[in-house]
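*Asks:* 3D model of this:
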Amino acid sequence: MTCNPNWQEITSELLPGQTPKDRHDLIARVLRLKVETFMYLVDTQNIYGIKRCHVYTIECRKIRPDQIDSIISAELPDPNEDPALFGTITKHMIHGPCGQLNPRSPFMKDGQCTKHYPRTYLNKGKDKAVVGLANRHRNDEITRYQIAKYISTNEGVWRMLQFPIHDHFPAVEQLQVHLEKYQRTLFNVENAPDRSIYTVHPKNTECYLLRLLLLHVRGPTSFADLRRVDDTVFNTYAEACRERGLLADVRHWHLALTEATVTDRPYKIGEICAIMLHMCEISYPLRLWEQHKEAMAQDFLRTLRRRANDDTLSYTDAIFNRALLCIENKLLSFPGGKPLSDYHLPSPDRSSEQDDDTLPREIAAEYSYNTAELQERLTTNEGSLTQDQRHIYEELLAYVA
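*Replies:* Alright, predicted model coming up:
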């Protein structure tokens, strides 16, 4: 709704010689009455159907309507004088038409505008920007705030009359999801408005699972009640979620690692597992480890067999420990990464973190290549190099020789 200063309710109350811009009080009162009437029609008369919610904001222009064209203007460049600029602006700076008027618009997908037009305009930020020279050692935040604060005469009268700038229904207050005995707010039935629940990142596992239960358990009276399924109270939120079937099945994680086993090297499989643990909510991580630990530890077994010159050697706890170390190191390299123990997986023994007591892991890894296998690949593929590839290959050999 846009206030029109030429509304009859305004012009009929002007004194001789007055114009609407001389009576901001009159404009504010008439607009307020029209807003109240409109909301009455929406709330009580259901002119748009039964209302579930509403939100509106009052915004006042900082300039008079007759001043707008002198400050803001927009026009397309002449297509004859500058066809390239004309084409760029009409292609990238003008939206529409779309929707039913132009269903073949490039912005349309599945019958909807991908740019989400038409948009609902609610509010904006500060109305003024200040640029000037100042002492860089003097930071007067109060002055800067006051300079950027501007209230027009329209808005000033609106506020003096104590009319609301913003209104919404229902009165919703977001609540943080917290674990038991970590409540930060207190409220009762009399003073509690409708409340919504904050989203929780899956990495915050306990709170994420708690929120999952809050969304699916009706009328819980305690944290223990949230963990109750039928007549059984489970010890953890994860167990309660699994029993209710709220967590994804482990099968698709198993299939992903099985596919990686066919196409990737063992250390890559461990990295994929680390990414799954860090980014996803895996229901049974221990089961996943038990199913794929040999594929993740295969490099270490191969290295051990080569060093011992014994192909009969099999997997040991020490070999699996090395695989766990690699997974945990990858996890800890992520922002906010957690150790394996946080995922209910075995904690690796870091006393055996290095292949050699004198070599760091990164250097020891460079010594663990299968030179016989690499030589065989070289012999097989060297003859298929193109002329450019051979030139680069020979230059590299000469450089490292």
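
*Asks:* Now tell me what touches the helix or strand containing Leu397 from outside.
*Replies:* Here Leu397 sits within helix 387-400, counting by DSSP states H and E. Contact with helix 387-400 is made by 382, 385, as judged by Cβ atoms under 8 Å, 6 or more residues apart in numbering. To be clear about C-beta, it is placed using only N, CA and C from the backbone, and glycine gets the same treatment.

*Asks:* Give me the phi and psi for Tyr48.
*Replies:* With angles defined as degrees, to the nearest 10, Tyr48 sits at phi -110, psi 20.

*Asks:* residues in contact with it?
*Replies:* With contact set as Cβ under 8 Å, 6+ apart, Tyr48 has these partners: Val42.

*Asks:* what's the answer for the one 10 residues further on, then?
*Replies:* Applying Cβ under 8 Å, 6+ apart, one finds that Ile58 lies in contact with 31, 35, 158, 163-166.

*Asks:* Mind doing that once more with 10 Å?
*Replies:* Residues in contact with Ile58 (Cβ atoms under 10 Å, 6 or more residues apart in numbering) are 1, 3, 28, 31-32, 35, 123, 154-155, 158-159, 163-167.

*Asks:* what's the burial count for Gly292?
*Replies:* To be clear, residue 292 is His; Gly isn't right here. 23 (other Cβ atoms under 10 Å).

*Asks:* Quick one, which of the contacts of Ile58 has the minimum pLDDT?
*Replies:* Within the contacts of Ile58, pLDDT reaches its minimum at Asn123, with 48.

*Asks:* follow-up on the earlier one: and the buried ones among the contacts of Ile58, selectable in PyMOL?
*Replies:* A single PyMOL command selects the buried members of the contacts of Ile58 (16 or more other Cβ atoms under 10 Å):
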select buried, resi 3+28+31+32+35+154+155+158
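
*Asks:* What sits closest to His292 if chain neighbours are left out?
*Replies:* Of all residues not flanking His292 in the chain, Leu257 sits nearest, at 4.8 Å (Cβ to Cβ, 6 or more residues apart in numbering).

*Asks:* List the buried residues of the helix or strand hosting the one you found.
*Replies:* Here Leu257 is covered by helix 251-263, with elements defined by DSSP H and E. Across helix 251-263, burial judged by 16+ other Cβ under 10 Å covers 253, 256-257, 260-261.

*Asks:* Tell me what angle the very next helix or strand once past it forms with helix 251-263.
*Replies:* Past helix 251-263, further along toward the C-terminus, the next helix or strand under DSSP H and E is helix 266-279. Interaxial angle, helix 266-279 versus helix 251-263 (axes from the mean of the first three to the mean of the last three Cα atoms, to 10 degrees): 160 degrees.
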